[in-house]
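[1] Sequence first, then the predicted structure:
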Amino acid sequence: MRMRAVWRLWSPGRGSRSVGDSARRRINASCPRAAYLGLLAGMALKPVLGKLGSKRVVLASASPRRQEILCSVGLRFEVVPSWFKETLEKSSFATPYKYAIETAKQKALEVANRMHVKHLRTPDIVIGADTIVTVDEHILEKPIDKQDAYRMLSRLSGKEHSVFTGVAIVHCNSKDNRLETEVTDFYEETKVKFADLSEELLWEYIHSGEPMDKAGGYGIQALGGMLVEYVHGDFLNVVGFPLNHFCKKLVELYYPPPKHTIHHIKHDSIPSVETFENLSDEENDSSSPLQYKGAIKLDRSKTHSSGGVCSPGSSNIIKPNCMMPVENQNGVMENPDKFPSKILELLDGFRASKALFVASKLKVFDLLKNKGVLQAVDVANTINSSVCGTERLLDACAALGLLEKTLQGYSNSDSANIYLASDSEDSLHGYIIHSDDHLWPLFTHLESAVKEGTMQNYRAFGKKSENLFQDSYYQSMEVKQRFMAAMHSIAKLTAKDVATAFDLSQFRSACDLGGCTGALANELVQKYPNLKVTVFDLPEVIANVSHFQPVRQHTAPVTFTSGDFFKDNFPEADLYILSRILHDWTDEKIHMLLSKISAACKPGPAHVCLRRGERFKCDLITSYIYPLDIEEMSFLKGLTLWSSAV
Ligand SMILES: O=c1[nH]cc([C@@H]2O[C@H](COP(=O)(O)OP(=O)(O)OP(=O)(O)O)[C@@H](O)[C@H]2O)c(=O)[nH]1
C-alpha cells in the first residue's frame with residue numbers, strides 16, 4: 001500500500017507566532033541547548049528545504065550574517081543585494097515592526113523586479129529582511145558614523161530593548177513577460193538587555209569598527225555579545241534572520257493543514273506521521289505553495305530495507321536510515337539520538353564528489369544525453385568499464401539526484417543535461433575535470449598545508465610551483481585549454497549574478513584583472529552598455545580567448561590586453577575586478593598586487609566586495625584600501641570588486 005505522509009516540527013495550525021511566544025521560549029544566547037536546538041531545526045528543515053531545492057531562491061540581502069544563517073541549514077540560494085534605499089517615513093507606520101516588514105518587502109520586490117527586467121531569468125522566490133532596534137520609542141538602524149554609534153549604544157546602556165526583524169518571502173511568476181508576485185511576510189521580536197556600559201568600554205567597542213554595519217550599532221554574535229546581560233527570544237533574530245519563524249512560515253506555505261482526515265501512524269524507525277490517504281497522485285505534488293496540492297511521499301516499501309542515505313535536501317522520499325525526530329509526550333518533536341546528520345554529510349561528502357567526477361570523466365552524462373535511457377550494461381560497454389562497477393556508479397549518481405533510474409534504465413536528470421553534459425551551453429564539465437585533476441590532489445594534502453602553511457603543489461604534482469600558472473596550469477597547450485575551459489564554465493555560471501549584485505552604472509571603465517576568457521566581462525558589457533571593460537591577463541591566455549567569445553554580440557566588445565599583473569602596468573580604469581584571484585597567491589604576492597591596485601585607484605570613496613571565501617583576506621585588503629575611504633564592504637560569492645572615484 002502506498003501512503004503519503006508529512007512530518008513536521010512546526011504545526012502551522014497551532015496559532016501564529018507572537019512576541020509573547022518568543023519571550024516564553026527564552027532561549028538564552030549562551031545556553032548550550034542552542035546547539036542541540038540547531039540540530040533539531042536542521043533535521044526538521046530538510047523536507048521544507050527539499051521543496052526549495054528545485055527552485056531559484058534569491059536572498060535580497062548584502063548582510064553576510066543572513067547569508068551565513070541560511071547557508072548553515074543547507075539552503076541553496078543566490079545573493080543579490082537589494083538597491084532599495086531604507087528611507088520609508090517611519091512616522092507613517094503604526095508600529096515599528098510594520099516599518100521593518102515594509103522595508104523587507106520593498107527590498108525583496110526591488111530585487112525581484114530588477115532580476116525580471118534585467119535578467120530575463122525570473123527567480124522563483126526572493127527573500128528580503130530588515131532588522132531594527134527600538135528603545136524608548138525610537139527606531140535605531142545602522143549607525144551612519146561613530147558619533148551616531150555612540151548615541152545609539154549609550155541609549156541602549158543598562159536597558160532592555162527590542163530587536164525586530166521583518167521578513168518578506170516573495171514568490172515570483174513570469175506571465176506573458178509580466179512579473180506576478182505573491183508576498184508572505186512576518187516579523188519576529190527579541191528582547192535584549194544591555195549591561196551598564198562605561199564610556200571607556202563604549203568607545204573601545206566603537207573603535208573596534210564592529211557597530212558600523214549593524215542595526216542598533218552592535219553585533220551580538222561577536223564582541224557586542226559582551227555587552228549583553230540577557231536575550232529573551234530568538235537569538236538569530238537579533239543577528240539578522242529569524243530562522244525558526246522563517247521555517248514555520250515555509251511549513252505554512254508548503255504544507256497547509258489538509259482538508260482531509262489526518263491519521264497518526266507509528267512505525268518502527270519512522271516518526272509519527274500524518275497521512276493524506278485520500279489524495280490522488282496528481283495532488284501529491286506540492287512543489288509550489290501557490291498551488292499546494294499534497295504532501296511528502298513516504299515510500300513504505302523501503303522502510304525495512306537495510307540501505308539508504310541521508311542527503312541534504314535531495315529527495316522528499318523519507319529514507320530508512322535517517323533518524324527522524326519523534327514526537328514526545330508534549331507533542332514536541334525531538335531527536336532522541338541526536339543523530340549527527342551534518343557530520344555524516346561532511347564525512348561522506350568526498351564520496352559524492354568523486355562519483356560526480358568519475359561519471360563526468362567517463363562521459364556518462366554525455367552518453368545519456370545522446371541516448372536517452374540506457375541499461376547499466378549498455379553504459380558499461382560504451383564507456384569500456386565493468387558492468388558491476390558501472391552499475392554502482394550509476395546507482396550512486398541516481399541517489400545523488402544526478403540521474404534518474406526507472407525499470408527502463410538510467411537517464412539524465414534535467415540538471416545533468418544542462419550542467420554536466422560537456423557540450424551544453426552552461427556545462428560545468430571543464431570545472432569538474434579541473435576539480436578532479438587539480439583540486440582533488442591538492443586537497444589530499446590539506447593536513448600538510450595546515451601544518452606547514454605552504455602550498456602543496458610539489459607534493460601533489462611533484463613540481464615546484466614558483467609560478468602557479470606557468471608551472472601548473474599553462475605547462476602545455478592542452479592543459480592550458482582545459483584550465484581555461486574550466487574557468488570559463490564556472491565564471492559564466494556566476495557572471496550574471498555578480499554583474500547584477502551591485503549597481504555599477506556609475507562606472508565608465510572597468511578592468512578585470514586575470515579575467516581569463518572574459519566571461520564576466522562579457523556579462524558586464526551586456527548589463528552596462530556604457531561600461532568599457534578590459535580583460536588583463538597573460539599573453540598565452542589572451543592568445544586563446546577567441547573561441548570563448550559570444551557568437552552574437554550586441555554591445556561594444558570587451559577589450560583584451562596582455563600582461564602580467566605582478567610585473568606590468570595594468571590599464572587605467574575606475575573599477576578594478578579581482579575574481580577568483582587572491583586565493584591563488586601567497587600573502588607576499590597579494591601585497592604586491594594590492595599595493596599596485598591601490599596606487600592605480602584614484603583617490604575618492606571606494607567600494608570593496610569580497611567573495612565569501614576570501615573573507616580572511618579582509619584585513620589585508622582594508623589596509624590597502626584604507627587611504628581610499630571605504631564606503632561599502634560586502635561579501636559575495638564570486639569576486640573582489642575594487643573601485644574608486646564613484
Ligand atoms: O546583533 C546584531 N544585530 C544586527 C546585525 C546586522 O545588522 C544589519 C541590519 O541591517 P539591515 O537589516 O538593514 O540589513 P543590511 O546589512 O543593510 O543588509 P540588506 O542588504 O539586507 O539591507 C544586518 O546585516 C544584521 O545581520 C548583526 O550582525 N548583529
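    Arrived safely.
[2] Next up, the contacts around whichever residue of the stretch 101-250 of the chain sits closest to the ligand.
    Minimum separation of the stretch 101-250 of the chain from the ligand (C-beta to the nearest ligand atom) falls at G240, amounting to 2.7 Å. Using the backbone N, CA and C atoms, a C-beta is placed for each residue, glycine as well. G240 makes contacts with S63, R65, R66, I69, A129, T131, T165, A215, as judged by C-beta atoms under 8 Å, 6 or more residues apart in numbering.
[3] Could you list the contact residues of the stretch 1-150 of the chain toward the ligand?
    Within the stretch 1-150 of the chain, the positions adjacent to the ligand are 61-63, 65-66, 81-82, 86, 107, 129-131, 142 by C-beta under 6 Å from any ligand atom.
[4] rerun that using 5 Å as the cut-off
    Listed as neighbours of the ligand in the stretch 1-150 of the chain under the rule C-beta under 5 Å from any ligand atom: S61, A62, S63, R65, P81, D130, T131.
[5] These in helices, which ones?
    With DSSP state H as the criterion, helices contain R65 from among these.
[6] now for the residues of the stretch 1-150 of the chain next to the ligand, which pair is the farthest apart?
    P81 and T131 (14.8 Å; C-beta to C-beta).
[7] just to revisit the earlier point, can you list the residues of the stretch 1-150 of the chain next to the ligand in JSON lines and add neighbour count and pLDDT?
    Below are these laid out as JSON lines (neighbours: other C-beta atoms under 10 Å; pLDDT from 0 to 100):
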{"residue": "S61", "neighbour count": "26", "pLDDT": "94"}
{"residue": "A62", "neighbour count": "21", "pLDDT": "92"}
{"residue": "S63", "neighbour count": "22", "pLDDT": "93"}
{"residue": "R65", "neighbour count": "20", "pLDDT": "95"}
{"residue": "P81", "neighbour count": "21", "pLDDT": "91"}
{"residue": "D130", "neighbour count": "29", "pLDDT": "98"}
{"residue": "T131", "neighbour count": "28", "pLDDT": "98"}
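[8] Pick out the residue nearest the middle of the protein.
    Central residue check for the chain by C-alpha atoms, centre = their mean: the C-alpha nearest the mean position is that of F77, 4.5 Å away.
[9] Would you check how far apart it and F443 are?
    Separation of F77 from F443 (C-beta to C-beta, to the nearest Å): 25 Å.
[10] Next, the contact list for whatever residue of the stretch 351-500 of the chain ends up closest to the ligand, please.
    The nearest approach of the stretch 351-500 of the chain to the ligand comes at T500, 14.0 Å away (C-beta to the nearest ligand atom). Counting by C-beta under 8 Å, 6+ apart, T500 touches V80, R114, M115, K118, H119, K527.
[11] wait, the last one sits on A499?
    To tie it back to what came earlier, the one meant is K527. Yes - with contacts defined as C-beta atoms under 8 Å, K527 counts as touching A499 at a distance of 4.6 Å.
[12] between the two, which one's more packed in?
    A direct count of neighbours by other C-beta atoms under 10 Å for K527 and A499 places A499 higher, at 23 against 17.
[13] Need the pLDDT of the more buried one.
    Predicted confidence (pLDDT) for A499: 79.
[14] what helix or strand is it on?
    Element membership of A499 [criterion: DSSP states H and E] is helix 477-501.
[15] Can you give me the buried ones in the next helix or strand after that helix?
    Once the chain leaves helix 477-501, the next helix or strand it forms, by DSSP H and E, is strand 509-513. Within strand 509-513, the residues scored as buried using 16 or more other C-beta atoms under 10 Å are A510, C511, D512, L513.
[16] can you list contacts of the next helix-or-strand element following strand 509-513?
    Using DSSP H and E, the helix or strand that directly follows strand 509-513 along the chain is helix 519-527. Applying C-beta under 8 Å, 6+ apart, the contact partners of helix 519-527 are 118, 487-488, 491-492, 495-496, 498-500, 504, 510, 512, 515, 531, 533-535, 548-550, 553-558, 577, 579, 638-639.
[17] tell me the angle of helix 519-527 relative to helix 477-501?
    With axes from the mean of the first three to the mean of the last three C-alpha atoms, to 10 degrees defining the directions, helix 519-527 sits at 40 degrees from helix 477-501.
[18] coming back round to it: now the contacts of T500 in a markdown table, please, with extra columns for pLDDT and distance to K361.
    Conversion of the contacts of T500 to a markdown table gives the following (pLDDT from 0 to 100; distance: C-beta to C-beta, whole Å):
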| residue | pLDDT | distance to K361 |
| --- | --- | --- |
| V80 | 88 | 34 |
| R114 | 89 | 39 |
| M115 | 87 | 35 |
| K118 | 72 | 37 |
| H119 | 61 | 33 |
| K527 | 89 | 35 |
